[in-house]
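1. here is my input; please provide its structure:
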Amino acid sequence: WLAKWNGHQRGATRAHGHRFGRRSERLAERHLRRRGYRIVARNFRAAGAEIDLIALDGDTLVFVEVKARRSMSAGTPAEAILDAAASGQYDLLVMGTRGLGRLQSVLLGSVSARVAAHSAIPVLIVRGANHEAG
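-> This is a model prediction of the structure:
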């Protein structure tokens, strides 16, 4: 009975994680739409891989991988990105920036700066078309 219950719990946890992931993707999509992006595909699958969102930012095609965590106990956002980069599946990381000033970056931390400083593969940090010049 205990083994059966543990199996049921794992399945329930997996289903809950799937719902959390989908909800996170919807939040990311809503955020992108508010910033003027046009979503052209969701959960696109090809060659054994999946891209969560594909969007257009003006004339630029944007590929979005959504990573969400319930807590920092599983690691920081930068650690999750660095782990993915270390998997050997990627040749280049392209990351957006929040456009924080120097003081805000020091106080709040910059995920893109941390990833760029510690990544084993090249990192390109870009500002979106809607980013204000500063």
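2. C-alpha from now on. contacts and neighbour counts both.
-> Noted.
3. quick check: which ranges of the chain have low pLDDT?
-> Applying pLDDT under 70 to the chain flags the ranges 1-16, 98-109, 128-134.
4. helices of that one, residue ranges please.
-> In the chain, the helices defined using DSSP state H lie at 2-34, 77-86, 102-108, 111-118.
5. what lies in contact with the last one?
-> Counting contacts by Cα atoms under 8 Å, 6 or more residues apart in numbering, the residues outside helix 111-118 that touch it are 77, 78, 79, 81, 82, 95, 96, 97, 122, 123, 124, 125.
6. in ChimeraX, select just the buried ones from these.
-> Those of the contacts of helix 111-118 that count as buried under 16 or more other Cα atoms under 10 Å are selected in ChimeraX with:
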select :77,78,79,81,82,95,122,123
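7. possible to save the contacts of helix 111-118 as TSV with distance to residue 38?
-> What follows is the contacts of helix 111-118, written out as TSV (distance: Cα to Cα, whole Å):
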residue	distance to residue 38
77	25
78	26
79	29
81	25
82	28
95	18
96	17
97	19
122	27
123	25
124	22
125	21
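8. separation between residue 127 and residue 42?
-> According to Cα to Cα, to the nearest Å, residue 127 and residue 42 sit 23 Å apart.
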